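Asks: Sequence first, then the predicted structure, then my questions.
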Amino acid sequence: QFLERFNEAGYALLLSSDGGKETWGNMGALENTYRVWNAAISRFDYSGQTFSLGISMGALPATLLGLTGRIPLEATIVVAGVLNLPDIYRRSDPVYPRSLTRAYSLPARVSDEQLAFATVPHDPIYGTLFFKKLDIPYLAVASRGDGRVTLERNAGTFVRQMQPFQQDSRVLEVTGPHLSAAHFSLEVSRAALEFLGKYRR
């Protein structure tokens, strides 16, 4: 229903696999999503405008494709979005850190320096100096009750960092754990569509 509301509002939806189940914004994820987008715009009546939407780990390619200039994005929405790779690596739950190190071909246990060397060009918060396009507006839907992708260290920090470049960037707070139903409510859909509508021609 959440995605269908965008379709009903006249947005063509292009769904990406992000290059695999545990890519964490790595080069494979970015290249795969770019290929899918490039193939789509050559086959359809493309308006010339692209918006991105990323959920959880999918926030990484949704954000990075615009920041790096691979795809000219008008605006980006992230829902419970991972935007801070070191924070994910330091989570107490071992599943995410192990998945992250596999995505970047790292040993299971790495130092902060090793992690930074491998991931900074793919980290929306810590890789700012590597990015070409910082004036993209962001709507970050996040919950303080999310114990997996913390609001303050992900959406909160990222939006504060981006606001000097694009003042429309903001956090939309919801409730509940990671990817709770509140993240995909009718109210969130309305806010997201209103946000996109500012940049739609």
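Replies: Done, it's in.

Asks: can we go C-alpha only for contacts and neighbour counts from here?
Replies: Will do.

Asks: check contacts around D45.
Replies: Residues near D45 by Cα atoms under 8 Å, 6 or more residues apart in numbering: none.

Asks: what does F2 give?
Replies: 184-186, 189.

Asks: In TSV, list the residues you listed along with distance to A9.
Replies: TSV is the format used below for these (distance: Cα to Cα, whole Å):
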residue	distance to A9
F184	16
S185	16
L186	13
S189	10
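
Asks: Redo these as TSV? Include neighbour count and distance to I41.
Replies: Formatted as TSV, the contacts of F2 follow (neighbours: other Cα atoms under 10 Å; distance: Cα to Cα, whole Å):
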residue	neighbour count	distance to I41
F184	16	27
S185	14	30
L186	13	29
S189	18	25
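
Asks: OK, contacts around I88?
Replies: Counting by Cα under 8 Å, 6+ apart, I88 has contacts 82, 96-97, 100, 148-149.

Asks: now do S42
Replies: No contacts exist for S42 under Cα under 8 Å, 6+ apart.

Asks: Check what pLDDT it gets.
Replies: We note a pLDDT of 92 for S42 in this prediction.

Asks: Point out where the chain drops to low pLDDT.
Replies: Scanning the chain for pLDDT under 70 picks out 92.

Asks: for the contacts of F2, which one is nearest L115?
Replies: Using Cα to Cα, F184 is the member of these that lies nearest L115, at 32.2 Å.

Asks: Enumerate the positions of stretch 82-89 that are buried.
Replies: Within stretch 82-89, the residues that count as buried by 16 or more other Cα atoms under 10 Å are 82-86, 88-89.
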